[in-house]
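Trainee: here are the coordinates; sequence isn't available:
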């Protein structure tokens, strides 16, 4: 792991020991995933499509699964990436407004968004779960609803103030 | 007592809540007990992990997915009821989902633990429908109390559970062992809005602990009562099996009983079971309890034919397998015009019982309306994306639909009809050569009259809630409450067991569980089955005592 050690020394020397870099040095798999995904652009494209930071470990697993379930995924990803670079949209809503369901890049975007949101890749009965509690669909309601089996604790739902919805305490 | 050496004093077939309760009572009384369970042992963490890792999860909006949505095992010797194990041959499907694992179906029950009300025991006398029980509510009252204690029930004392908003009903001689669960905003808001239309809220008594109870922690609102409570706050049958084993009972898992043997004088002498490798084994006992729930119990009796018993065991009346009842239901999805947030807390609690009882039962069945309180996010996210809703709109819509979509479901009482029945398939067998259950089920005009009344309530609900009705599904939804197939009665010519749940035909065999119930009411039957099981155990012990003395 000489590569990681030298990288670590370098970062320390520069005085910018970020958490991510520290994780990369501690967990080589994470570093490797980050490197591979940086090359094919999956993380950059994903981050743009879901308007949130995305992690390289889950990213790698979604990328692999999307490839398994769509033979031409790498090609589709390149095409979408090229389109996004060309237009340089400020927000995913602009991209969505500019193209529609009849556009193949829009369809690719939908597949990527669907994976990150539902945590599941595939069609019909050929489904593969990549993430459960980390599926992004749970984020918009995170302040109020729990992910089933990850409860908020004894009686967290009890109404403490008249007419007010209880929150899970996780913050909006 | 038998002069020959037997393998156990008591053999219990089935390791669910009923078998577990009886095993504990027998073991406490010093009896040697063998429990046979067709399925394997499962551990909570294994089921929770399998649930979390599955791409197919239970879904209210996609019933089809429920077919593959169970995290419980599906080995070839006990095919899962979530597959195509149950052979449906009637005009109405009866796709019930029971679990063949140690601990039984309560692993995945919502845990509603209701008492029936006195009039439910006199359906025929009062309303000219169905059958009366051989005894009244009074006879079962103290057993209900004992069952509530055994199962650790939480509930609200003083409620009118007949749904009329009146005095405490049914009568109770003991309070609930634990106080009721707190309500969520949704329940409070519905209570307020529906109350204006005269709908009386009732909070269901249930098996979720509201204070530490035995080894059970308080309910943590994991919103996963079905398929599995991740923290064991909710009662399930494995708890009584654990207790029975601590008390010395022996449990044989992966032991599928396929034959019950009786001597010519009527006494049951032994049982045969198969292991997953197909090997056949024999066990004997002095007393037997059949507690394999409403499909497997009658199937086993009907399979056990011989020259002396050509119609099977306990079946001189030809009633075994007949009178199959359930809570065939309908449901409605609505979109509220305000945020109410279903999914906070446990998956169910609030019900409406305005039509639980009354003279109308001459014309249409008793029913309850329940509010589904499952976290809906996953259902709506997938369908929104499928529709092409993406970007900021996707987050906004997930939030809006999660906050405002509600599902109401109605459970109707059904009547014991001879033609609705379970039989062993003549053509289809499982991997170890045991016939699959074949189910003929149908509903009558009585049910349809109930459906019409229920739909009126649905519309009234939507009006009072200022909600838009998205869909009403009247396609005979099954509620997984199996009753009637080894029916109880005083007359041996038209019933299988007597008032003590002992088979009319065999003096040393009892049948435990909801399959003995002569009427279904509209309420979840587990507590009634548990009360009957405790009463049965007492009767068994007295019988044993008198036979020793005799």
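Mentor: Arrived safely, thanks for sending. Small disclaimer: the values here were computed from a predicted structure and weren't measured.

Trainee: any idea how far chain A is from the closest residue to residue B:83 other than its chain neighbours?
Mentor: Among residues not flanking residue B:83 along the chain, residue B:74 sits closest, at 6.5 Å (CB to CB, 6 or more residues apart in numbering or on different chains). Yep, even glycine has a C-beta here, placed from its N, CA and C like the rest. Using CB to the nearest CB, to the nearest Å, residue B:74 is found at 15 Å from chain A.

Trainee: low-confidence ranges in the stretch 51-200 of chain B?
Mentor: For the stretch 51-200 of chain B, applying pLDDT under 70 flags the ranges B:58-69.

Trainee: write out the residues of it neighbouring chain A.
Mentor: Contact residues, the stretch 51-200 of chain B versus chain A (CB under 8 Å from any CB of the partner chain): B:51-56, B:68, B:181-185, B:188.

Trainee: can you pull out the helices in the chain?
Mentor: All of this refers to chain A. Assigned by DSSP state H, the helices in chain A fall at A:2-14, A:19-26, A:28-40, A:42-50, A:56-69, A:73-87, A:92-98, A:104-118.

Trainee: correction: the question concerned chain B.
Mentor: For chain B, the helices defined by DSSP H cover B:17-28, B:44-53, B:63-66, B:123-127, B:137-151, B:185-195, B:238-246, B:293-303, B:377-386, B:391-404, B:445-465, B:526-549.

Trainee: how many neighbours does the residue nearest to residue B:83 have?
Mentor: Residue B:74 has 15 neighbouring residues, counting by other CB atoms under 10 Å in any protein chain shown.

Trainee: need the contact list for the spatially closest residue to residue B:141 that is not a sequence neighbour.
Mentor: The shortest distance from residue B:141 to any non-neighbouring residue, by CB to CB, 6+ apart, is to residue B:173 (6.1 Å). Residues near residue B:173 by CB atoms under 8 Å, 6 or more residues apart in numbering or on different chains: B:141, B:142, B:145.

Trainee: how far away is the last one from residue B:234?
Mentor: The span separating residue B:145 from residue B:234 equals 20 Å under the rule CB to CB, to the nearest Å.

Trainee: more neighbours, the two?
Mentor: residue B:234 (28 against 20).

Trainee: quick check, the more buried one in contact with residue B:208.
Mentor: Yes: taking contacts as CB atoms under 8 Å, residue B:234 lies within contact range of residue B:208: 5.0 Å.

Trainee: give me the common contacts of those two.
Mentor: Taking CB under 8 Å, 6+ apart as the contact rule, residue B:234 and residue B:208 both touch B:111, B:219, B:225.

Trainee: format those residues as JSON lines; extra columns: distance to residue B:541 and neighbour count.
Mentor: Conversion of the shared contacts of residue B:234 and residue B:208 to JSON lines gives the following (distance: CB to CB, whole Å; neighbours: other CB atoms under 10 Å in any protein chain shown):
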{"residue": "B:111", "distance to residue B:541": "28", "neighbour count": "27"}
{"residue": "B:219", "distance to residue B:541": "34", "neighbour count": "28"}
{"residue": "B:225", "distance to residue B:541": "33", "neighbour count": "24"}
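
Trainee: and of those, the nearest to chain A?
Mentor: Nearest to chain A among the shared contacts of residue B:234 and residue B:208: residue B:219, at 6.8 Å, using CB to the nearest CB.

Trainee: give the contact list for residue B:330.
Mentor: Residues in contact with residue B:330, defined by CB under 8 Å, 6+ apart, are B:409, B:410, B:412, B:451, B:454, B:455, B:458, B:472, B:473, B:474, B:475, B:477.

Trainee: tell me the pLDDT of the spatially most central residue of chain A.
Mentor: Nearest to the geometric centre of chain A sits residue A:54, at 3.8 Å (CA atoms, centre = their mean). For residue A:54, the model assigns a pLDDT of 96.

Trainee: next one: the one 5 residues further on
Mentor: Per-residue confidence for residue A:59 comes out at a pLDDT of 97.

Trainee: which residue does the stretch 351-500 of chain B bring closest to chain A?
Mentor: Counting by CB to the nearest CB, the stretch 351-500 of chain B gets nearest chain A through residue B:381, at 3.6 Å.

Trainee: in chain A, what spans have low per-residue confidence?
Mentor: Counting by pLDDT under 70, chain A shows low-confidence ranges at A:1-23, A:33, A:169-172.

Trainee: can you give me the domain boundaries for it?
Mentor: By the record's domain assignment, chain A is partitioned as A:2-135, A:142-172 (automatic domain parsing).

Trainee: which residue ranges of the stretch 351-500 of chain B form strands?
Mentor: Counting by DSSP state E, counting those that start in this stretch, one finds strands in the stretch 351-500 of chain B at the ranges B:367-371, B:405-412, B:421-429, B:435-440, B:468-477.

Trainee: and the shortest one, how far out from the chain middle?
Mentor: It refers to strand B:367-371. With CA atoms, centre = their mean, to the nearest Å as the basis, strand B:367-371 stands 16 Å off its chain's centre.

Trainee: TSV for the domains of chain A, including distance to residue B:39?
Mentor: Listed next are the domains of chain A as TSV, based on distance: least, CB to CB, whole Å:
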stretch	distance to residue B:39
domain A:2-135	25
domain A:142-172	22
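
Trainee: my read: residue B:299 touches residue B:424, true?
Mentor: Yes: contact criterion CB under 8 Å: residue B:299 and residue B:424 qualify, at 5.2 Å.

Trainee: nearest residue to the middle of chain B?
Mentor: Most central in chain B (CA atoms, centre = their mean) works out to residue B:481, at 4.2 Å.

Trainee: and the gap between that one and residue B:293?
Mentor: Going from residue B:481 to residue B:293 by CB to CB gives 11 Å.

Trainee: what is in contact with the two at once?
Mentor: Contact with both residue B:481 and residue B:293 is made by residues residue B:514, according to CB under 8 Å, 6+ apart.

Trainee: OK, contacts around residue B:184?
Mentor: With contact set as CB under 8 Å, 6+ apart, residue B:184 has these partners: A:157, A:158, A:159, A:166, B:341, B:344, B:345, B:349, B:373.

Trainee: neighbours of the fifth one, how many?
Mentor: Meaning residue B:341. Neighbours around residue B:341, by other CB under 10 Å: 22.

Trainee: and the contacts of residue B:330, which is closest to residue B:487?
Mentor: In terms of CB to CB, no member of the contacts of residue B:330 lies closer to residue B:487 than residue B:412, at 19.1 Å.

Trainee: which strand residues bridge the closest one?
Mentor: Per DSSP bridges, the residues bridged to residue B:412 are residue B:367.

Trainee: what is the neighbour count of it?
Mentor: Other residues lying near residue B:412 total 28 when counted by other CB under 10 Å.

Trainee: isn't it right up against residue B:452?
Mentor: No: Residue B:412 is not in contact with residue B:452 according to CB under 8 Å; the separation is 11.1 Å.

Trainee: and residue 149, what is it in contact with?
Mentor: Going with chain A. B:48, B:51, B:52, B:222, B:223, B:224, B:228, B:230.

Trainee: let's do chain B instead
Mentor: By CB under 8 Å, 6+ apart, the contact set of residue B:149 is B:174, B:177.

Trainee: alright, I will stop here.
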